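> Test case, fold it:
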Amino acid sequence: MVDKVLVQRMCSDIRANVQLLREATDITWEVYCRDPRSRRFVERTLHILVETCIDIAHHIISDDGFEEPTSYSEAFQILATHGVLPMEEVEIYERMARFRNLIVHYYEKIDDAVVFGVFRNHLHDFERFAGHILNYLQEHGT
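Below you'll find the model as predicted:
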């Protein structure tokens, strides 16, 4: 059985971190490019957000006995297959997983424009994920 309190806390953490990023209105493109502290704040907070989404996915998959994923991306596919996430949004969450791998492993030099674009244009994706998860918990009485 899914630990509802834990997952709710994690969803709350997602919302709190999104709010931190939204409040960072002083981090413009120019500031982001020249200030390593601002850049690290954005990168690390986005990393924490993605990791939290992945952790939630794995927690639900494990506790509800869904098939085990072989990758972070597949974890989101499994949640969609079982009705936790909408199938039409899976690609959004798969991009999160790829983004995580890029910023964690530095497979190539991080593209500042991509990170800044996520920071400015995709925070709602994290909130939407948390909303789907909370709806799932409510609908399934866990």
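> for this structure, what helix or strand is lowest in average pLDDT?
helix 90-105 (a mean of 90; mean pLDDT, DSSP states H and E).
> Any buried residues in the helix or strand following that one, and which?
Sequence order places helix 112-121 as the next helix or strand after helix 90-105, per DSSP states H and E. Using 16 or more other CB atoms under 10 Å as the test for burial, helix 112-121 gives Val115, Phe116, Val118, Phe119. (Glycine included, C-beta is placed from N, CA and C.)
> tally of neighbours for the residue nearest to the first one when sequence neighbours are not counted?
Counting by CB to CB, 6 or more residues apart in numbering, Val115 lies nearest to Glu43, which is 5.9 Å off, once chain neighbours are set aside. Residue neighbour count, defined by other CB atoms under 10 Å, stands at 19 for Glu43.
> what about Glu43, which helix or strand?
helix 36-63.
> Show me what that helix is packed against.
Contacts defined by 3 or more CB pairs under 8 Å, 6 or more residues apart in numbering; DSSP states H and E place helix 36-63 against helix 4-23, helix 29-34, helix 72-81, helix 90-105, helix 112-121, helix 123-139.
> now the ones you listed in JSON lines, with distance to Gly65?
JSON lines is the format used below for those (distance: least, CB to CB, whole Å):
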{"stretch": "helix 4-23", "distance to Gly65": "16"}
{"stretch": "helix 29-34", "distance to Gly65": "43"}
{"stretch": "helix 72-81", "distance to Gly65": "11"}
{"stretch": "helix 90-105", "distance to Gly65": "20"}
{"stretch": "helix 112-121", "distance to Gly65": "33"}
{"stretch": "helix 123-139", "distance to Gly65": "15"}
